[in-house]
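Trainee: got a sequence here, can you build the structure:
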Amino acid sequence: MARIAMITIRYGEEINGGAEYHCRMLAERLANIHDITVLTTNTNKLDDTSSDFKIGESNLNGVKVYRFSTNKPQLKLAKQASKQSKTARKLRRMIYRAGLSSLLFKTFPIWNFKVDQEIELLRQHRFYSPSLLTHIEDNKEHYDAFVFFTYENPLTVLGSLIIPEKTILIPTAHMEGMLFRSINSLVFSKVRHIAFNTETEYQMCRTIFQQAMSPSSVVGIGVEIAEPAPFNFIKEKYQLKEPFLLYCGRITEVKINSFLDYFIKFRLETGLKVNLVLTGEVLIPKVEHPDISYIGYISESEKIALMKNSFAVVNPSKAESLSLLTLEALSLGKAVIANQEAEVMVEHEERSEGAVRCYADYASFKEILTDLLEHPLQLKDIEQKGKDYVGRNYNWDLIIRKFETILNEIN
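Mentor: Prediction:
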């Protein structure tokens with residue numbers, strides 16, 4: 001039995017998506033085999049400090065949880081550090097875009113340019129927790145392994161560099177500017193093992209960090225489906241109209257992009273009957289439309305009930321490293337309509353044999369949705385393909401075996 005610390009910026013049953021949910025699912029399964037401790041902040045909701053968790057030790061579903069306070073960012077210092085550090089990020093990304101990674105990053109894999117300024121920027125991040133990092137420093141010998149989730153936050157970057165020889169990094173990386181910070185060339189080359197979620201993510205990082213990248217493997221994540229809540233109750237509670245497309249997650253410019261415009265244009269042009277239901281935290285102005293429903297935070301059981309009864313699930317984000325939502329939808333036999341700019345969604349489309357359908361623009365979105373609505377018999381074939389794809393690649397027995405192999409290498 002190994003003593004393992006798992007580090008994530010937020011942790012709790014209220015947080016049912018993203019890397020935070022990934023951490024909780026993995027922690028609860030590994031707790032049956034190992035001594036698991038989660039190190040996290042006391043933040044609950046991103047937009048509501050009154051809901052913060054109590055600092056200190058607790059237990060959630062058999063997993064020990066230590067919550068630490070965070071520093072309040074000093075906006076002036078953050079702005080200054082951002083300005084001073086961006087040269088390195090922009091230069092590295094320019095090299096990548098010019099197709100020179102295999103030459104320049106292979107020749108010069110480790111960059112220290114502007115690292116001090118990048119560290120200062122991380123110290124002004126809302127999830128920077130000196131007390132959590134001190135706990136890692138003081139307990140290096142207590143834990144056999146440290147598992148860090150999401151490459152770009154200060155807990156991962158600064159924490160993994162305290163104890164790189166015991167670190168397993170689950171980067172959940174996608175193509176974005178932050179990935180090109182100089183300090184990531186240190187993190188991705190010093191940690192003991194990198195556990196990627198998809199082949200797309202691995203290939204992208206391999207191109208950026210070249211031969212200096214730490215030993216790695218594609219591990220992925222298992223899919224867990226909660227018992228659904230009664231749909232009739234949910235339908236009445238939120239006054240939902242069928243059939244509906246379902247979006248689950250934070251409602252931001254980056255996540256939604258042009259999808260709301262596409263949906264409204266589709267309804268006007270085609271007249272085909274379909275509605276849109278959006279769940280989660282709303283961080284952009286709402287669009288008022290009779291066929292669009294915002295229903296806010298929902299429980300995991302409500303989410304599963306909505307998925308099971310949706311016509312299709314949508315993922316318009318351009319920035320995805322895996323998309324657990326997509327895997328959950330496929331495991332329930334639902335078609336997924338996704339943004340082609342997220343390369344991992346194209347991987348899902350190919351490997352699921354079309355259970356995921358990717359659009360490049362409004363015209364292709366219109367074509368996909370029209371085809372599904374007008375030819376519903378194909379949904380049965382999509383259902384089987386989606387279930388088969390998830391069953392082959394994202395079952396928990398397979399994931400835990402892969403993780404045990406990594407732990408055995410470290411210990």
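Trainee: use CA for all of it now, contacts and neighbours both
Mentor: Fine.
Trainee: tally of neighbours for Cys23?
Mentor: As a burial measure, Cys23 scores 23 neighbours (other CA atoms under 10 Å).
Trainee: for Ala78, same thing?
Mentor: Counted with other CA under 10 Å, the neighbours of Ala78 add up to 19.
Trainee: what does the helix or strand containing it contact?
Mentor: Taking DSSP states H and E as the definition, one finds Ala78 inside helix 75-97. Outside helix 75-97, the residues that touch it by CA atoms under 8 Å, 6 or more residues apart in numbering are 101, 104, 113-115, 117-118, 120-121, 124-125, 177-182, 208.
Trainee: now do stretch 121-139
Mentor: The set of residues that contact stretch 121-139 without belonging to it, under CA under 8 Å, 6+ apart, is 9, 39-41, 68-75, 77-78, 81-82, 85, 153-155, 158-159, 162-163.
Trainee: derive a ChimeraX selection command for the buried subset of these.
Mentor: Filtering those down to the buried ones (16 or more other CA atoms under 10 Å) takes a single ChimeraX command:
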select :9,39,40,41,68,69,70,73,78,81,82,85,153,154,155,158,159,162,163
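Trainee: in strands only, show me the contacts of stretch 121-139.
Mentor: 39-41, 68 (DSSP state E).
Trainee: what would the residues you listed look like in CSV with distance to Val187 and pLDDT?
Mentor: Converted to CSV, these look like this (distance: CA to CA, whole Å; pLDDT from 0 to 100):
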residue, distance to Val187, pLDDT
Leu39, 19, 99
Thr40, 20, 98
Thr41, 21, 97
Phe68, 23, 98
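Trainee: turn the residues you listed into TSV, including distance to Asp381.
Mentor: Written out in TSV, the entries for the ones in strands among the contacts of stretch 121-139 read as follows (distance: CA to CA, whole Å):
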residue	distance to Asp381
Leu39	43
Thr40	42
Thr41	44
Phe68	48
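Trainee: now, among these, which is nearest to Ser216?
Mentor: Distances from Ser216 to the ones in strands among the contacts of stretch 121-139, taken as CA to CA, are shortest for Leu39 (23.3 Å).
Trainee: that closest one against Ile4, yeah?
Mentor: No - the pair formed by Leu39 and Ile4 falls short of the contact definition of CA atoms under 8 Å, at 10.3 Å.
Trainee: what segments of the stretch 301-411 of the chain are strands?
Mentor: 312-315, 336-339, 356-359 (DSSP state E, counting those that start in this stretch).
Trainee: reformat the ones you listed as JSON lines; add mean pLDDT and distance to Leu372.
Mentor: Below are the strands of the stretch 301-411 of the chain laid out as JSON lines (pLDDT from 0 to 100; distance: least, CA to CA, whole Å):
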{"stretch": "strand 312-315", "mean pLDDT": "99", "distance to Leu372": "9"}
{"stretch": "strand 336-339", "mean pLDDT": "98", "distance to Leu372": "10"}
{"stretch": "strand 356-359", "mean pLDDT": "99", "distance to Leu372": "10"}
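Trainee: would you turn these into JSON lines with mean neighbour count?
Mentor: Formatted as JSON lines, those follow (neighbours: other CA atoms under 10 Å):
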{"stretch": "strand 312-315", "mean neighbour count": "26"}
{"stretch": "strand 336-339", "mean neighbour count": "25"}
{"stretch": "strand 356-359", "mean neighbour count": "24"}
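Trainee: JSON lines please, covering those and showing distance to Arg267.
Mentor: Putting the strands of the stretch 301-411 of the chain into JSON lines (distance: least, CA to CA, whole Å) gives the following:
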{"stretch": "strand 312-315", "distance to Arg267": "16"}
{"stretch": "strand 336-339", "distance to Arg267": "16"}
{"stretch": "strand 356-359", "distance to Arg267": "17"}
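Trainee: can you name every helix or strand that the helix or strand of the chain with the lowest mean pLDDT contacts?
Mentor: Across the helices and strands of the chain, the lowest-confidence element by mean pLDDT, DSSP states H and E is helix 253-256, at a mean of 92. Counting by 3 or more CA pairs under 8 Å, 6 or more residues apart in numbering; DSSP states H and E, no packing neighbours are recorded for helix 253-256 among the helices and strands.
Trainee: what residues does that helix touch?
Mentor: 284, 315-319.
Trainee: let's see it at 6 Å
Mentor: If you take CA atoms under 6 Å, 6 or more residues apart in numbering as the criterion, helix 253-256 is touched by 316-317.
Trainee: so which bits of the next helix-or-strand element following that helix are buried?
Mentor: Under the assignment DSSP H and E, the closest C-terminal helix or strand after helix 253-256 is helix 259-270. Neighbour-count burial for helix 259-270, with 16+ other CA under 10 Å as criterion, is recorded at 259-260, 262-264, 266.
Trainee: closest one of those residues to Arg392?
Mentor: With CA to CA as the yardstick, the closest approach to Arg392 among the buried residues of helix 259-270 comes from Phe259, at 30.6 Å.
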